[in-house]
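Colleague: I need the structure of the sequence given here:
(2 chains)
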Amino acid sequence: MSDNPLDLSFLDPARDPSFDDRVAAIVRDARIAAAPAVVDYLSRWTRPALAAAAVIAVLGGLRLVRQTGTPAVGTTAEILGVPPGLVAIGRSSQTPGVVDLAEALGVEASHVR
Amino acid sequence: MATDTPSDTDLISRALAGDATGFELLVRRHYRTAFSIALAQTASRADAEDACHDAFVRAAERLGECRQPERFAFWLGAIVRNLARNIATRGVLRRAMPLEPQAVVARDDPAKDAEIADLRRRLEAALALLTAVQREVVLLHDLDGWTHADIAAAIGTSEGMSRQHLFNARRRLREALGQNTSMEHST
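Modeller: Below you'll find the model as predicted:
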């Protein structure tokens, strides 16, 4: 029995008259499918945006340090500007009177009364 | 010697850059391969064409994942094979129905059209008698001109087994087709 190749050219899709249409349909649909998605589009901006944010943060931080000099060292109350008298009252276990509060706030007692 | 024929790697680069013409050239170059693999799995021309369409579209979506562009045909072949198997599985019920003769687009010579349609129908019926592996080997070798080394790599077998599959496929096809000399290559 011969083992020569069979002529299968009748099956060749490229000889089909509709071959060009078939290829065109593939290319058309592939272009739609391969079009960049919104997520892909945004992801392209992620790295530059992060870099820009980092630069802005560094520049902003430098400016703050220059303006304020060495950061203040102290308690939270001191940093927040709470009068020392009020801090002492807060630490005390005794109930403060009106006069005590007025003194702590730097108000004349006569104005309170 | 310089050649004007762009390589698969060139065409993939062009397609990735959004060049539709580059992708079209890639489709035209590899359609016969894709069709051979798909027809082997589905044993149906219409299903094979659907599988090819879906496979090329999917390949376009994943083109950036093709790590070895010079082996695009193998990469595409794996996509086609998977899709065609799925289509073949879904098509079991449909194939239980009588096969419709393939529509042939009218040409200038109706007698020739009828002859080609008849040959094609008989050939497809004979191919349906083979196993999927035999179909893939004989189609890739005799229709698309693949070597046994490439076929073996594509279907995961040895060159010796590829030759064996080809021999068996041809023998069964000749038995099914009878002594139809019009399908013998004059070598």
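Colleague: Right, and chain B sits closest to which residue of chain A?
Modeller: residue A:30 (3.5 Å; C-beta to the nearest C-beta). From N, CA and C alone the C-beta is placed, and that goes for glycine too.
Colleague: What helix or strand is that residue located in?
Modeller: In the assignment (DSSP states H and E), residue A:30 maps to helix A:19-34.
Colleague: now do residue B:111
Modeller: Here residue B:111 is assigned to helix B:110-127, by DSSP H and E.
Colleague: Centre of the chain to the helix or strand just after that helix, how far?
Modeller: Downstream of helix B:110-127, the first helix or strand assigned by DSSP H and E is helix B:132-138. How far helix B:132-138 lies from its chain's middle: 10 Å, per C-alpha atoms, centre = their mean, to the nearest Å.
Colleague: which parts of whichever helix or strand comes after helix B:132-138 are buried?
Modeller: The helix or strand immediately downstream of helix B:132-138 is helix B:148-155, counting by DSSP H and E. Under the neighbour-count criterion of 16 or more other C-beta atoms under 10 Å in any protein chain shown, helix B:148-155 has B:148, B:150-155 buried.
Colleague: ok now stretch B:160-180, how far from the chain's centre?
Modeller: 17 Å.
Colleague: returning to what we had before: can I get the buried residues of helix B:148-155 in a markdown table including pLDDT and distance to chain A?
Modeller: Formatted as a markdown table, those follow (pLDDT from 0 to 100; distance: C-beta to the nearest C-beta, whole Å):
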| residue | pLDDT | distance to chain A |
| --- | --- | --- |
| B:148 | 96 | 13 |
| B:150 | 95 | 16 |
| B:151 | 96 | 14 |
| B:152 | 96 | 18 |
| B:153 | 95 | 20 |
| B:154 | 94 | 18 |
| B:155 | 94 | 18 |
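Colleague: Let me know the closest of the residues you listed to residue B:161.
Modeller: residue B:152 (7.2 Å; C-beta to C-beta).
Colleague: For whichever residue of chain B sits closest to chain A, pull up the helix or strand it's in.
Modeller: Across chain B, the shortest distance to chain A (C-beta to the nearest C-beta) belongs to residue B:60, at 3.5 Å. Using DSSP H and E, residue B:60 falls within helix B:45-61.
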